[in-house]
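[1] Just the structure for this:
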Amino acid sequence: MRAFRALFSWSSTLLATCALTAAASTAAVSTATEPAAAAVVTVGWTHPGYGPGDTYFNPRESIINPRSIDDVAFRWSTGLPAAPGPTCSEATPPLVAAGRLFVADETGIGAYRAATGQPLWHHTWASPDDVRTPHLAVSGGLLLAGVSGCRSFEDPGGRIMALDVATGRERWHVDDGGPVASLLVDKGVVVADGVSDAFPARVRALRVSDGRQRWVLRGYLSGVSANGRLLVHRASSDGIAAVSVTTGRRLWSRRIGTRVEAATPTGNRFYVTDRSSLICVRSSNGSVVWHVPALDARVGADNRRVYRSFSNGVDALDARNGRRLWEAGFEGDAGQPVAAGGLVFTSVDAGEPLGVLNAVTGAVASSGTQFHQLDERYVVVAGGRLYMTRGNSLEAYAP
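    Numbering: from 1, shown residues only. Sure thing, here's the model as predicted:
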């Protein structure tokens, strides 16, 4: 633990590319001819799952839609820093905020201009071989990162840190003791969880502005948050509970569910799974609205449908009652479903480079051949652009 803290105390001063020259930025980016009209709209994708509800649904996207999808083409790519040797960290799909993209890579965390991919700054770990892929979120002009070591499974150590989105400079950090397994932000509070052999399961809440601790909940792990209600699940048995994200006060609990999947975009319901069912519960009191047989699936949700990706396909359920609306098959296994602009996107590990479906009907909306082959990561659709990371490359596509 002491060595892990020293690692971060030192690395927090290493901002090797806070102010890149124009020449260096240009060298890192390859571009295709882009129409002047394809401007970036100031919108965001502030969590891996769009927001703290893990919906993987962008309700504000309108430029990329069923009519424009076949006009979407490659616009630019930029290389991401690579570690010289083995590493525990890998490139993540980007977060989008304030005209910037924020991406974890094998050596640290970087910021890039959303319109062009130009590198803006990079926060480099002192020892990339001892840092797991960080958990990121953006709020209040800060990039929040939950980081864990990877050399020790019993006592990996962890840190929650805040970087200025404009400069990459560290604003505050808190050594978390145990590992950081997830991180989200809601109502000005950053929530992280973790468990290891040396540290029992707990959920910890800090104030975004300065890292001051707000509350701790032991015996639970974090899930999703919506409208100030944080849904957590028991670490060692079945059961979920809703707590106030600002105070940690328990609002209700139920002896159902082993994993929290998502909230609805409006925050009025949560989706959880147990060993046999996908269950929809009211966020106000935890009462069950509906349940259906579970699949070994990744889940996303818009205002009307719940999307599930599974082996060789994606289906959509009616958010009101769980009734299956459509099912679409692929040649390979589907990845995380992402909904935006009336479309559902998913990676496919064979056949199509990218699965693109009509969100209402499940019909194929595009062959996806205009995209490069995506691995198991998901795409991010925001501001009229589709972003993806492939290996150590960040790419953008637009009409």
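[2] quick one: which helix or strand includes the residue nearest to Val272 when sequence neighbours are not counted?
    Closest residue to Val272 apart from its sequence neighbours, by CB to CB, 6 or more residues apart in numbering: Gly257 at 3.6 Å. Bear in mind the C-beta positions are built from the backbone N, C-alpha and C, glycine included. Assigned by DSSP states H and E, Gly257 falls within no helix or strand.
[3] Stretch 233-246: end-to-end distance?
    18 Å (CA to CA, to the nearest Å).
[4] and what of stretch 77-92?
    For stretch 77-92, the first-to-last residue distance is 15 Å (CA to CA).
[5] re the thing from before, the residue nearest to Val272 and Ile240 touch, don't they?
    Yes - between Gly257 and Ile240 there is a contact under CB atoms under 8 Å: 4.5 Å.
[6] Identify the contacts common to these two.
    Listed as contacting both Gly257 and Ile240 by CB atoms under 8 Å, 6 or more residues apart in numbering are 233, 272.
[7] least trustworthy helix or strand in the protein by mean pLDDT?
    Least confident helix or strand, the chain: helix 22-28 with a mean of 35, by mean pLDDT, DSSP states H and E.
[8] and Ser287, how far is that from Trp252?
    To Trp252, Ser287 is 9 Å away according to CB to CB, to the nearest Å.
[9] quick one, phi psi at Pro128?
    phi -60, psi -20 (degrees, to the nearest 10).
[10] Would you map the helices across the protein?
    For the chain, the helices defined by DSSP state H cover 2-11, 22-28.
[11] which intervals of this protein have sub-threshold pLDDT?
    1-43, 152-156, 176, 351 (pLDDT under 70).
[12] Find the centremost residue of it, please.
    Pro48 (0.9 Å; CA atoms, centre = their mean).
[13] Tell me if I'm right that that one and Pro94 touch.
    No - between Pro48 and Pro94 there is no contact under CB under 8 Å: 9.8 Å.
[14] hmm, back to that, between Ser287 and Trp252, who's got more neighbours?
    Trp252 (16 against 9; other CB atoms under 10 Å).
[15] And for the more buried one, nearest residue in space, chain neighbours not counted?
    Gly286 (4.6 Å).
[16] Could you measure from the one you found over to His123?
    Taking CB to CB, one finds Gly286 at 40 Å from His123.
[17] Have a look at those two and say which one is more surrounded.
    Taking other CB under 10 Å, Gly286 and His123 do not tie; His123 has more neighbours (26 against 20).
[18] isn't the more buried one right next to Thr107, touching?
    No - contact criterion CB under 8 Å: His123 and Thr107 do not qualify, at 9.4 Å.
[19] What is the burial count for the residue nearest to Arg390 when sequence neighbours are not counted?
    Leaving aside its sequence neighbours, Arg390 sits nearest to His372 (CB to CB, 6+ apart; 6.0 Å). The tally of other residues near His372 (other CB under 10 Å) stands at 14.
[20] what does Ala145 give?
    Ala145 - counted by other CB under 10 Å - has 24 other residues nearby.
[21] first to last residue in stretch 344-354, what's the distance?
    10 Å.
[22] For that stretch, buried residues please.
    The neighbour-count check on stretch 344-354 (16 or more other CB atoms under 10 Å) flags 344-349, 352, 354 as buried.
[23] Likewise for stretch 362-382?
    362, 365-366, 368, 370-371, 374, 377-382.
[24] Please tabulate those in a markdown table and include distance to Asn392 as additional columns.
    Listed next are the buried residues of stretch 362-382 as a markdown table, based on distance: CB to CB, whole Å:
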| residue | distance to Asn392 |
| --- | --- |
| Gly362 | 34 |
| Ala365 | 30 |
| Ser366 | 27 |
| Gly368 | 22 |
| Gln370 | 22 |
| Phe371 | 18 |
| Leu374 | 14 |
| Arg377 | 12 |
| Tyr378 | 17 |
| Val379 | 17 |
| Val380 | 17 |
| Val381 | 22 |
| Ala382 | 22 |
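[25] Just the ones of these in strands?
    365-366, 380-382 (DSSP state E).
[26] now, which of the residues you listed sits nearest Phe74?
    Ser366 (14.2 Å; CB to CB).
[27] Report the contact partners of that closest one.
    69-70, 72, 356.
[28] check contacts around the residue nearest to Gly146 when sequence neighbours are not counted.
    Spatially, and ignoring its direct neighbours in sequence, Gly146 is nearest to Val180 (3.3 Å; CB to CB, 6+ apart). Applying CB under 8 Å, 6+ apart to Val180 gives the contacts 134-135, 146-148, 158-160, 192-194.
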